[in-house]
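Student: pasting the sequence and the predicted model now:
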There are 4 protein chains.
Amino acid sequence: MLKKLTQSQQDTILERAVEEFGRNGLERAAISEIARRSDVSVGVIYKYYKNKEELFQNCLTHSIAILTEVMEEAVSGEEPLISACEKLIRACIAFSKEHAPYIQMYHAITHTQEGAKEYAETIESMTAATYTRLLAKAQQEGEVRQDLDPALGAMFFDNLLMMLHFSYGCAYYGERMKLYDSKVSEDELVRQLLLFIKGALCAPGKE
Amino acid sequence: MLKKLTQSQQDTILERAVEEFGRNGLERAAISEIARRSDVSVGVIYKYYKNKEELFQNCLTHSIAILTEVMEEAVSGEEPLISACEKLIRACIAFSKEHAPYIQMYHAITHTQEGAKEYAETIESMTAATYTRLLAKAQQEGEVRQDLDPALGAMFFDNLLMMLHFSYGCAYYGERMKLYDSKVSEDELVRQLLLFIKGALCAPGKE
Amino acid sequence: MLKKLTQSQQDTILERAVEEFGRNGLERAAISEIARRSDVSVGVIYKYYKNKEELFQNCLTHSIAILTEVMEEAVSGEEPLISACEKLIRACIAFSKEHAPYIQMYHAITHTQEGAKEYAETIESMTAATYTRLLAKAQQEGEVRQDLDPALGAMFFDNLLMMLHFSYGCAYYGERMKLYDSKVSEDELVRQLLLFIKGALCAPGKE
Amino acid sequence: MLKKLTQSQQDTILERAVEEFGRNGLERAAISEIARRSDVSVGVIYKYYKNKEELFQNCLTHSIAILTEVMEEAVSGEEPLISACEKLIRACIAFSKEHAPYIQMYHAITHTQEGAKEYAETIESMTAATYTRLLAKAQQEGEVRQDLDPALGAMFFDNLLMMLHFSYGCAYYGERMKLYDSKVSEDELVRQLLLFIKGALCAPGKE
DNA sequence: AATGAATGAGAATTCATTCAT
DNA sequence: TATGAATGAATTCTCATTCAT
């Protein structure tokens, strides 16, 4: 067959690769398995990606792009901070449940030593800036207490979201969550997390 | 060398193993590398540990013991919740800076799919129970607001601590932290985190 | 070489494997040695056979098929017992001289403890049944003396054939044979063995 | 401990070694296991035997010596051929049942390629000569038919005994025997084998 | 002289990567 | 251009043998 890979086939490879890397991590993931599931030959994957590492990188970029898009969409409107937070939290949970492999890939990348700086900048810069801006603005409007540093507040908030992603996207953190709360409903968890965050960020008596 | 391994050599193996597992995870970690770095033969590692899995388990047990000791010490006294939190936060940071490989190994473990439940139970059960109890008690004493679920509150709190561990123990999260806060002192970070947690947990006007 | 293995190369692997297993038994036989002698990579052997055990099983099946074919051919006709015996004896000798590695592999197998039952059933069942039937039939026709148990007689007869196989296929038994008979011709040996067997099986005065 | 090994300890080592080699063959047999079972250190075995190969050789010599002694004892008297045969057969079975490891060692040695000649001469010469002489004498006395070559007759007879040893001493041959005869008593087997041998060796109407 | 822990070569098996077709 | 079989380096684990005590 001398037919060039269609865009759809290329997408399939990336999706199956994300799944395989999510399942098995960079090391154990098998190119042959990705090829098999994508219904292409091993050789063609090496036509498109120099080696396993590079395929992994591409999966990452792909995952992060999707993840970022979803999160940005949640805070694009003009609305009170707490509503934005709720949207973000619900988006977090929905995305993690639906696209666990992407979360697992994200988790995998955060394990790198080499290139950690470059990865972090690529992946986290925009979120960091966005959340910090969101808080700074809310602070100016009196929604957020004055003694909180917007950057650090944003980081703590993002930390909570990140753990939420892991809790719904990674087996280990899922099990850990059960140890804390084996039967509380997802809605109740969201309500409590909002309560927690609101207390943390907002001036008493304000919203 | 046909002399029995000294205790110090045995300790070295465990330390190098933690580093290797931290760097590469269970799968990719190479016994031969651990042996080389520990300056012993491969065979001797198999004399002390039945296989790679068992060495890993020992590293894990060892790590947890150290970590637990540090954390328990921080909350052993009878003191206001916020003081306990501060102690825990400072212990977290100190431990992560001193024992980064342990944190990295922990991070690697949390990526597992298989055995996730067993790992989570081994590693997280005690912490989960301890923090939940701490909050429940503080709630009874009026220190913590009544509408907060102690278990969920404990989880959110532990989530913040976990991210703190990662931030000081893993390269990626360290870089990420810099994106939020490139110059704030550690002391200021602790102060702000305490502020954040206090707001989240405590009834307004109370401590 | 990235061309698919030719049938001849695949046959070579099996032949070299039989030799290696014959020389060293299942345990000690080295896949790398088989690969080297077959002029293929180690990996390709694992492409065709899941593991050493499976390669061994294939060698065994292959050997049995060849051996059985040869032996069955010798007793397929309707002829007096003694003629059949002569054919079998001559087939034994010819086969052992031509395919010594098969005999050596057979000898190696018979040393196993584990799985001895399964091996014995796989390898010996058909022969046992065939020889027993052969004798029982000859007994009904008066060719074999009435006081001989056909099954035991068949076993003693097969015992003699087996030792013949070893004598012509294994170095040790070859040397041992020379100790008994350093100059007698093969023809004379066959004649004497037939005489021996005829005396053992047949009623005096009958053939 | 600076105590020299007693003779009894040395014997124990040899016995345990025969067992271990019988169980696992030369390759799989573990020196450390032999040491453990003999209640001596690994090092001391290497004081007495240069390496595993040499220990194996010594086990062999030991096994063969015992085996030969038993068999010679059975034919030392002045008695009719068939009585001697019965004694030998019964000695065969009794010895094989009691000392299976020795038989297994014998079987293992017959697998060697290198040194096959030397082994065969060491082990088989005396038996070959003894049985040949036994038959030649019986032939002179008219007990054995005149057209049988005493050397070849002795070999066929010894072949039957050898298979008897294997049948009672090696798992594989034991299972094979069951395929022929799953319920016949040992006594009946001896009776039938004697019948078989008598027919093979003796002139009709004679004993 | 005996001990037994350490050594390290060697074997099975996997799988990323190559390249003849 | 796509294929997928072949390659062979790398990894885990075993155990015969050594030698400091």
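Tutor: Sure, I can see it.
Student: what's the single longest helix in chain A?
Tutor: The longest helix of chain A (DSSP state H) is helix A:116-140.
Student: dump the residue contacts of A:Ser32.
Tutor: Each residue near A:Ser32 by CB atoms under 8 Å, 6 or more residues apart in numbering or on different chains is listed here: A:Val42. Heads up, the C-betas are built off the backbone N, CA and C, glycines and all.
Student: for it, give its distance to DNA strand E.
Tutor: Distance, A:Ser32 to DNA strand E, using CB to the nearest atom of the strand, to the nearest Å: 5 Å.
Student: likewise for A:Glu54?
Tutor: Taken as CB to the nearest atom of the strand, the span from A:Glu54 to DNA strand E is 8 Å.
Student: helices or strands next to the longest helix of chain A in the packing?
Tutor: Helices and strands touching helix A:116-140, by 3 or more CB pairs under 8 Å, 6 or more residues apart in numbering or on different chains; DSSP states H and E, are helix A:52-74, helix A:81-98, helix A:100-109, helix A:150-169, helix B:171-180.
Student: hmm, the fourth one in reach of chain B?
Tutor: Yes - contact of helix A:150-169 with chain B is found when judged by CB under 8 Å from any CB of the partner chain, involving A:151-156, A:158-160, A:162-164, A:166.
Student: just how off-centre is the longest helix of chain A within its chain?
Tutor: Mean C-alpha position of helix A:116-140 versus that of the full chain (CA atoms, centre = their mean, to the nearest Å) differs by 14 Å.
Student: report the buried residues of it.
Tutor: Residues of helix A:116-140 classed as buried: A:116, A:119-120, A:123-124, A:127-128, A:130-132, A:134-136, A:138-139 (neighbour count, 16 or more other CB atoms under 10 Å in any protein chain shown).
Student: returning to that earlier point: could you save the helices and strands packed on helix A:116-140 as JSON lines and add columns showing distance to D:Glu78?
Tutor: Listed next are these as JSON lines, based on distance: least, CB to CB, whole Å:
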{"stretch": "helix A:52-74", "distance to D:Glu78": "83"}
{"stretch": "helix A:81-98", "distance to D:Glu78": "95"}
{"stretch": "helix A:100-109", "distance to D:Glu78": "87"}
{"stretch": "helix A:150-169", "distance to D:Glu78": "92"}
{"stretch": "helix B:171-180", "distance to D:Glu78": "93"}
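Student: which of those helices has the lowest mean pLDDT?
Tutor: Among the helices and strands packed on helix A:116-140, helix A:52-74 has the lowest mean pLDDT, at a mean of 86.
Student: quick check: buried residues in that helix?
Tutor: Buried-residue list, helix A:52-74, by 16+ other CB under 10 Å: A:52, A:55-60, A:62-64, A:67, A:70-71, A:74.
Student: other SSEs contacting it?
Tutor: helix A:7-28, helix A:31-38, helix A:81-98, helix A:100-109, helix A:116-140.
Student: count of neighbours near A:Glu79?
Tutor: By other CB atoms under 10 Å in any protein chain shown, the residues close to A:Glu79 number 11.
Student: now flag whichever of the residues of helix A:150-169 next to chain B is closest to C:Leu5.
Tutor: Comparing the residues of helix A:150-169 next to chain B against C:Leu5 with CB to CB places A:Phe166 closest, at 47.4 Å.
Student: that closest one reaches A:His107, doesn't it?
Tutor: Yes - assessed by CB atoms under 8 Å, A:Phe166 is found in contact with A:His107 at 6.3 Å.
Student: identify the contacts common to these two.
Tutor: B:Thr110.
Student: more neighbours, these two?
Tutor: Each of A:Phe166 and A:His107 has its neighbours counted (other CB under 10 Å); A:Phe166 has more, 26 against 21.
Student: any idea how far D:Gly174 is from that one?
Tutor: 60 Å (CB to CB, to the nearest Å).
Student: residues contacting A:Ile197?
Tutor: A:Ile197 touches A:82, A:85, A:157, A:160, B:200, counting by CB under 8 Å, 6+ apart.
Student: mind putting these in a markdown table, distance to chain D and neighbour count included?
Tutor: Below are those laid out as a markdown table (distance: CB to the nearest CB, whole Å; neighbours: other CB atoms under 10 Å in any protein chain shown):
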| residue | distance to chain D | neighbour count |
| --- | --- | --- |
| A:Ile82 | 69 | 17 |
| A:Cys85 | 65 | 23 |
| A:Phe157 | 60 | 21 |
| A:Leu160 | 56 | 23 |
| B:Ala200 | 61 | 24 |
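Student: just the closest of those residues to DNA strand E, please.
Tutor: Here the nearest of the contacts of A:Ile197 to DNA strand E, counting by CB to the nearest atom of the strand, is A:Leu160; it sits at 35.3 Å.
Student: hang on, that closest one packs against A:Leu194?
Tutor: No - in this structure, A:Leu160 is not within contact of A:Leu194 by CB under 8 Å, at 10.6 Å.
Student: quick one: A:Phe166 and chain C, what's the gap?
Tutor: 38 Å (CB to the nearest CB, to the nearest Å).
Student: tell me the spatial nearest neighbour of that residue, not counting adjacent residues.
Tutor: Closest residue in space to A:Phe166, ignoring its immediate chain neighbours: A:Tyr173 at 4.0 Å, by CB to CB, 6 or more residues apart in numbering or on different chains.
Student: tell me, how many residues neighbour A:Gln146?
Tutor: By the measure other CB under 10 Å, the count of residues near A:Gln146 is 8.
Student: could I get the pLDDT score of it?
Tutor: 94.
Student: Provide a list of residues in contact with the residue nearest to it when sequence neighbours are not counted.
Tutor: Distances taken as CB to CB, 6+ apart put A:Gln139 closest to A:Gln146, at 6.8 Å, once the chain neighbours are dropped. Applying CB under 8 Å, 6+ apart to A:Gln139 gives the contacts A:145-146, A:148, A:150.
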